[in-house]
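Asker: Dropping a prediction and its sequence here:
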Number of protein chains: 4
Amino acid sequence: MTEEVTPRGRGRPRDEDTRARILSAALQILEDQSFATATTDAIAEKAGASKATIYRWWPNKSAVMVEALREAVAQELPFPDTGSLGEDIRLQLRNFIRLLTGRRGRIFKAFVAAAQNDSEVSDAFRSVWVRPRRMAAKAGLERHRGVTLRNEIDLELLMDILYGPLYYRLLVGHAPLTEKYVDTLAELVLRSITKEA
Amino acid sequence: MTEEVTPRGRGRPRDEDTRARILSAALQILEDQSFATATTDAIAEKAGASKATIYRWWPNKSAVMVEALREAVAQELPFPDTGSLGEDIRLQLRNFIRLLTGRRGRIFKAFVAAAQNDSEVSDAFRSVWVRPRRMAAKAGLERHRGVTLRNEIDLELLMDILYGPLYYRLLVGHAPLTEKYVDTLAELVLRSITKEA
Amino acid sequence: MTEEVTPRGRGRPRDEDTRARILSAALQILEDQSFATATTDAIAEKAGASKATIYRWWPNKSAVMVEALREAVAQELPFPDTGSLGEDIRLQLRNFIRLLTGRRGRIFKAFVAAAQNDSEVSDAFRSVWVRPRRMAAKAGLERHRGVTLRNEIDLELLMDILYGPLYYRLLVGHAPLTEKYVDTLAELVLRSITKEA
Amino acid sequence: MTEEVTPRGRGRPRDEDTRARILSAALQILEDQSFATATTDAIAEKAGASKATIYRWWPNKSAVMVEALREAVAQELPFPDTGSLGEDIRLQLRNFIRLLTGRRGRIFKAFVAAAQNDSEVSDAFRSVWVRPRRMAAKAGLERHRGVTLRNEIDLELLMDILYGPLYYRLLVGHAPLTEKYVDTLAELVLRSITKEA
DNA sequence: ATCTAATCGAGACGGTACGTCGAGTCTTCCC
DNA sequence: GGGAAGACTCGACGTACCGTCTCGATTAGAT
């Protein structure tokens, strides 16, 4: 996306390696520590870059984080396609909690937290992470509509019912995110969305 | 905790009015403005108190907020009891989104945000707000078990399915929280939890 | 000057010791090193104070320096009164070069330098140092007017002729400031300002 | 120094026009604006050159400034020769204050300032500007020695008495540099250096 | 007519100081 | 002894300038 032609302006080109190191450092600090510990100085030092370079390319700390998230997101799993609605959902939810309970989980918590105080982060989080994921997931589910998935089901609502509980547990932390939990969740939800034979 | 009887030491007793003004100021700033403006200085000024007084009675800013939340929570609505499972759920969800979309909504966002970086806030938020609410709601739903509610339904999971989507929309903000939305949500969930006639 | 009554406002009073330590640290750094090395961080550290405290009381680094100068100035020698015009001048000039060639000399160089780029420093330097010194010196010389000092001599000009060469050598550094030099200077100037017997 | 013959290496030769534009830009910025705005970036931009070019030919900013000064100096007035000691002095001082009070005055202030923190600038300022001027002036005055100028007068001291007050007023700014002022100054000094008839 | 070496403009980069702001602590006086 | 006022330390923030660096484009002398 975005052409990538860039007619090669005159000066010294941006050092892509530095950019990568900054984003990687940002992610790592987010993973290892809290959002609060992730100072720009710390990122700069870990990346072997200077603070000035960071602020040349990103308007503030949040923007760096958002871009770091974008990088990380690129590696994530696609929506599964097993042919079975139930299996698709179960797999997708399992993949998701594996992500959330792993080191990356901290990142999501941090982002949702930051988004509450900063509408730029909020917008970015939605457009970079939430929306693409939901689109992919919806496309995957759409394949089942009319087959095993009831015609009248609103996929937006379905997304919320599937992912809402996971975000809820992640952020509020009143109970753990286990495979067993998502399986039960999937089972319950399936009950209300599948066509009766 | 609490009672404390206060053996009435020598000096001037704690000024309860000051305490109330501080908590009220904290809440109001959270409601009216951003979390960023909710500095301890701002709270102290709005309350006509001094920062020292705040830190005499609470260990840090989060603790003040948590206690403010506790005060606010005391006024909230009890779980409805209409006799109908569906009606109970619908009403409860409607009450909840009315709360979230009102001025108090900002408070919840702020708390979930703060909870991600501060386990004390996290614990407090759960024990002061989440757990009591869930207990009450579960008790309300329990009344319908075996009647219209299927026996094998795990109420913990049911809570997550009902509230998770609302928290999700509140925190991620990808779509608005409307009455129509919660009605559809309730309808879908009911489908999978009600006893077949 | 400036009343000094200060009806003792309510809060914690300014820590005069900290103020003194900051000014002393500023002076010392100026003496030991260059104006450039005198970073606010360095001053703060040496003073055992925090940068915030410095910026609470002074708008910028220059202002700290100016006040430091004011403190230092308070200790300087008064204009001598020997009864002899020539002796008064010689003594005063000798005192002055002793100051300039001592550790304090760097401070003056630094101030004149800073004054060229900053009109606040310039104003302050004049009002805190130059003007009081000139006033005192003029008062001292005025005692001789009509006695050994010719009536028509403009004391402003005389001040410039006496001190200008010293500032000149201090700042340009084309030749050293020695006692012999000021004695010769005094002798030459005296020739043109004394009443012929 | 210099000739250098330049064995005419292979590559593209240095662009003399660029060099001139850089020096001119440096001077102009010093004249028009403050020393603070005379950043290397500003010079480069005004000269239509690049920072790299500046640093290829000069080791640092001060060196550029010094060379710019050298260029500017080349255009200055020679010492007058009217035949009269008093007239020579008066004219020379008038020329000098015309220079100092004109746009070039800022340059001198800037240089004396810079010289206090940088011995290279200090050395350069003396060798490029101060010494040649003093040499010329001394040669001019020497012509009068034994005629109207007293034999025993030390010309170094005389230079200081004539120029010191002007530098003093320029740098400290406690009073303006006017023609009337230099005339009075000249008159007073003449009194002590002329042979009694 | 190439090839080659040095120059130039543009502008990214690391480093270092600046001046600001919020959290949490401490000190004084008043009640 | 409690409380208001407010000074204090600590540490992160985002900005600016210096001097270095890497590009691609020029410009000549050497081949």
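Answerer: All right, it came through fine.
Asker: just for chain A, where's the confidence low?
Answerer: Within chain A, the ranges that satisfy pLDDT under 70 run A:1-8, A:74-75, A:77, A:197.
Asker: and the helix or strand where A:Ala115 lies with DNA strand E, contact?
Answerer: Per DSSP states H and E: A:Ala115 is located in helix A:104-117. No. No part of helix A:104-117 sits near DNA strand E under the criterion C-beta under 7 Å from any atom of the strand; the closest distance found is 11.7 Å. The C-beta positions use only the backbone N, C-alpha and C, and glycine is treated the same way.
Asker: Could you confirm whether that helix reaches chain B?
Answerer: Yes. Interface with chain B: helix A:104-117 contributes A:109-110, A:112-117 (C-beta under 8 Å from any C-beta of the partner chain).
Asker: Over to stretch A:121-136?
Answerer: Yes. Judged by C-beta under 8 Å from any C-beta, stretch A:121-136 comes into contact with chain B through A:122, A:125-126, A:130-131, A:134.
Asker: Count the residues that sit near the residue of chain A at minimum distance from chain D.
Answerer: For chain A, the residue closest to chain D is A:Gly11, as judged by C-beta to the nearest C-beta, at 9.0 Å. Around A:Gly11 there are 6 other residues, counting by other C-beta atoms under 10 Å in any protein chain shown.
Asker: Would you agree it falls within a strand?
Answerer: No. Assigned with DSSP: H, G, I helix; E, B strand; the rest coil, A:Gly11 falls outside any strand and is coil.
Asker: And the contacts of the helix or strand hosting A:Ser192?
Answerer: Counting by DSSP H and E, the element that carries A:Ser192 is helix A:179-193. Helix A:179-193 is contacted from outside by A:85-86, A:89-90, A:93-94, A:96-97, A:149-150, A:153, A:158, A:161-162, A:165-166, A:169, A:175, B:153-154, B:157, B:160-161, B:188-193, using C-beta atoms under 8 Å, 6 or more residues apart in numbering or on different chains.
Asker: tell me the angle of it relative to helix B:179-193?
Answerer: Here helix A:179-193 points in a direction 100 degrees away from that of helix B:179-193 (axes from the mean of the first three to the mean of the last three C-alpha atoms, to 10 degrees).
Asker: Just want the most central residue of chain A.
Answerer: Taking C-alpha atoms, centre = their mean, the centroid of chain A lies closest to A:Trp129, which sits 4.1 Å from it.
Asker: In this structure it contacts A:Leu69, no?
Answerer: Yes. Counting by C-beta atoms under 8 Å, A:Trp129 does reach A:Leu69; the two are 6.3 Å apart.
Asker: Overlap of the contact sets of those two?
Answerer: By C-beta under 8 Å, 6+ apart, the residues touching both A:Trp129 and A:Leu69 are A:Phe111.
Asker: A:Glu187 and DNA strand E: what is the separation?
Answerer: 44 Å (C-beta to the nearest atom of the strand, to the nearest Å).
Asker: One more: A:Trp57?
Answerer: The gap separating A:Trp57 from DNA strand E is 6 Å, by C-beta to the nearest atom of the strand.
Asker: so who does A:Met65 touch?
Answerer: A:26, A:30, A:35, A:38, A:110-111, A:114, A:121.
Asker: can you do 10 Å?
Answerer: Applying C-beta atoms under 10 Å, 6 or more residues apart in numbering or on different chains to A:Met65 gives the contacts A:23, A:26-27, A:29-30, A:35, A:38, A:43, A:58, A:107, A:110-111, A:114, A:121, A:124-125.
Asker: do A:Met159 as well
Answerer: A:130, A:133-135, A:137-138, A:141, B:165, B:168, B:174-175.
Asker: Residue in chain A with the shortest distance to DNA strand E?
Answerer: Closest residue of chain A to DNA strand E, C-beta to the nearest atom of the strand: A:Gly11 (2.0 Å).
Asker: and whichever residue of chain A sits closest to chain C, how many neighbours?
Answerer: Of all residues in chain A, A:Asp41 sits closest to chain C, at 14.2 Å by C-beta to the nearest C-beta. As a burial measure, A:Asp41 scores 10 neighbours (other C-beta under 10 Å).
Asker: same deal with A:Glu16?
Answerer: Neighbours around A:Glu16, by other C-beta under 10 Å: 8.
Asker: Just the buried ones out of the contacts of A:Met159, please.
Answerer: Listed as buried from the contacts of A:Met159 are A:130, A:133-134, A:137, A:141, B:165, B:168, B:174; burial here means 16 or more other C-beta atoms under 10 Å in any protein chain shown.
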